[in-house]
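Undergrad: Provide a 3D model corresponding to the input given below.
(2 chains)
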Amino acid sequence: MNDESNEQTENRLIAERREKLGELRSRGNAFPNDFRRDAVAGELHAGYDGHTHESLEQERRVVHVAGRMMAKRVMGKVSFAKIQDRSGQIQLFIERDSISPERYQAFKGWDLGDIVGASGVLFKTKTGELSVRVEELRLLVKSLRPMPEKWHGMTDHELRLRQRYVDLIVNEQSRSVFALRTELIRFLRAFLDALDFTEVETPMMHPIPGGALAKPFVTHHNALSMDMYLRVAPELYLKRLLVGGIERVYEINRSFRNEGLSTQHNPEFTMLELYQAYAGAEEVMNLTQNLIREAARTLLGRDVIEYQGTEYDLGQPFAVMTIERALKDHNADLTDDNIRDPDVLKSLCEKQGVEVKADFGAGKLQIELFEKTVERHLEGPVFMTQYPAEVSPLARMNDEDPFVTDRFELFIGGREIANGFAELNDPEDQAARFHAQAQAKVDGDEEAMFFDEDYIRALEYGMPPAAGLGIGIDRLAMFLTDSPSIRDVVLFPHLKHEAD
RNA sequence: GGGCCGUUAGCUCAAUUGGCAGAGCAGUGGACUCUUAAUCCAUUGGUUGUAGGUUCGAUUCCUACACGGCCCA
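TA: Residues are numbered from 1 along each chain as shown, chains lettered A, B, ... in the order given. Below you'll find the predicted structure:
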């Protein structure tokens, strides 16, 4: 939108504020950056809320505070205002005759949302609220746009996502969700660093996408004259690092999948992936359980988490169940004798309305049926184990039963939170699996993997036996903040274009 | 992809059977020296998501589209 049309469509509230800004400009720099504060609201409350009126009068603590004006109550010759900074809010007490009638008159014209700086002595009002008795008061930034309604705030979900900056100004709940998300990531680092894991960064632009069954975004590198793919997972690079001798490695990674949006899916999402040499699926399941339990204890201080009205006890050992056991529990027609029979599985899938392709084997059919009939019932926390090799092209086959791999997924509240497995480190087996994937891609499966020759070469040097894990950080953050949608835990989620 | 619901002032929401589009907050002007959603008086503010249709008349009924939400696939 250009300036002209902006002016024409601008509503009167903005026009009035713009006029005030014009006046400020005419009297000097309207956007000063020479005010320095020496305290924030939270510190002051923590340090002085317990003090008496008398002890504060004695101490005469002078503070410089700054923030956005969120409340303004003007009386004849005295006013109250509340300013909000990163740590909370503090009240300003403004007497006309303490700051001069001219300043006071100017202050009366300031608006909610303006950013102000103030200095003065800390004291307590008659009602006992810690406040700053203002001696110096400055307007630091004129806000041109009106704040949302002061009591209801901004509740429109779409507006909150599109204008996250306003959501964060007015919704404490929203600020606390993102604060917890940040703490979660800090926790993950501390947890893994303490176990001697090494954090790394691997490419986000891949010449060959790999590491997950997912459709990638494509981009183009001009100088190299080649297409590149935004990573769908960092797995194959992290496992190259196992080959390189980084025996415990992790990456907190943004990955990208060119698929639909939902309450569980954002096209870009954040994941923790880790790999541990000389460990199997059992060890990594234990690590997963400890990590999630400790995350809840550290961030929320409890084992029992309520998510969307249901309680989940993370303090108990997580349940473990095989895919086939769950399939039999939820599909009366399935028995030990027919659970790997493609024809039986196919007819059950079709009965459930699942689209089945001719090249689907028993393993793929099992997983389709699992997603359709079992997944949403998995309240959990529960580890589902023994995923079919057919749908796990990077996982090690089970020693007793090569139909399945030593793979697990963790479900809580019907949602997949984590996925891990003993890693396939046999280069010839891996090459064969890549061939099968490449064939599936030729046959039209857009999510199938490419054949990655360099990865095979790396395996040929010898990758230590290992197990790995991926945890969806967005989904874990949803769970820990009781948020129903991934969009609630992503600062700027992707949305369709705003309607004109 | 299918079904249902929603979109009205900057924000939060009303509007009876199709009959003058309203309130609170915010804003503007005024009063007020301890407020807490301050209070009191006065007052401005609308392309009812977009484009069509039906009608003397549409926020209201119909169609399409856009965006969002929920459910199903």
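
Undergrad: any low-confidence regions in chain A?
TA: Judged by pLDDT under 70, chain A has its weakly predicted residues at A:1-10, A:499-500.

Undergrad: which residue does it have closest to RNA strand B?
TA: residue A:76 (1.7 Å; CB to the nearest atom of the strand). Any C-beta I mention is one placed from the backbone N, CA and C, and that applies to glycine too.

Undergrad: would you map the strands across the stretch 301-450 of chain A?
TA: With strands called from DSSP state E, counting those that start in this stretch, the stretch 301-450 of chain A shows them at A:304-307, A:310-313, A:319-322, A:382-385, A:407-412, A:415-422.

Undergrad: without its sequence neighbours, what residue ends up closest to residue A:143?
TA: Nearest-residue entry for residue A:143: residue A:113, 3.6 Å, with adjacent residues in sequence omitted and distances by CB to CB, 6 or more residues apart in numbering.

Undergrad: so what does that neighbour look like in phi/psi?
TA: Torsion angles at residue A:113 (phi, psi; degrees, to the nearest 10) stand at phi 100, psi -20.

Undergrad: and it, what does it touch?
TA: Residues counted as contacts of residue A:113 (CB atoms under 8 Å, 6 or more residues apart in numbering) are A:68-70, A:143, A:145-147, A:169.

Undergrad: now render these as JSON lines, adding neighbour count, distance to residue A:313 and secondary structure.
TA: Below are the contacts of residue A:113 laid out as JSON lines (neighbours: other CB atoms under 10 Å; distance: CB to CB, whole Å; DSSP: H, G, I helix; E, B strand; the rest coil):
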{"residue": "A:68", "neighbour count": "20", "distance to residue A:313": "41", "secondary structure": "strand"}
{"residue": "A:69", "neighbour count": "22", "distance to residue A:313": "45", "secondary structure": "strand"}
{"residue": "A:70", "neighbour count": "16", "distance to residue A:313": "39", "secondary structure": "strand"}
{"residue": "A:143", "neighbour count": "20", "distance to residue A:313": "46", "secondary structure": "coil"}
{"residue": "A:145", "neighbour count": "14", "distance to residue A:313": "46", "secondary structure": "coil"}
{"residue": "A:146", "neighbour count": "14", "distance to residue A:313": "46", "secondary structure": "coil"}
{"residue": "A:147", "neighbour count": "18", "distance to residue A:313": "41", "secondary structure": "coil"}
{"residue": "A:169", "neighbour count": "19", "distance to residue A:313": "37", "secondary structure": "helix"}
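
Undergrad: would CSV of the residues you listed with distance to residue A:387 be doable?
TA: Converted to CSV, these look like this (distance: CB to CB, whole Å):
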residue, distance to residue A:387
A:68, 51
A:69, 56
A:70, 51
A:143, 54
A:145, 51
A:146, 54
A:147, 51
A:169, 45
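
Undergrad: could the residues you listed go into JSON lines alongside distance to RNA strand B?
TA: Output for these, formatted as JSON lines (distance: CB to the nearest atom of the strand, whole Å):
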{"residue": "A:68", "distance to RNA strand B": "13"}
{"residue": "A:69", "distance to RNA strand B": "9"}
{"residue": "A:70", "distance to RNA strand B": "9"}
{"residue": "A:143", "distance to RNA strand B": "10"}
{"residue": "A:145", "distance to RNA strand B": "7"}
{"residue": "A:146", "distance to RNA strand B": "4"}
{"residue": "A:147", "distance to RNA strand B": "6"}
{"residue": "A:169", "distance to RNA strand B": "12"}
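
Undergrad: and these, which is closest to residue A:467?
TA: Proximity of the contacts of residue A:113 to residue A:467 (CB to CB) peaks at residue A:169, which lies at 44.6 Å.

Undergrad: show me which residues of the stretch 301-450 of chain A sit near RNA strand B.
TA: A:353-354 (CB under 7 Å from any atom of the strand).

Undergrad: for the stretch 301-450 of chain A, what spans make up the helices?
TA: Using DSSP state H, counting those that start in this stretch, the helices found in the stretch 301-450 of chain A span residues A:323-330, A:342-351, A:362-373, A:427-442.

Undergrad: before we move on, back to that, look up how far residue A:162 lies from the residue of chain A closest to RNA strand B.
TA: 41 Å (CB to CB, to the nearest Å).

Undergrad: compare those two (neighbour count), which wins?
TA: residue A:162 (15 against 6; other CB atoms under 10 Å).
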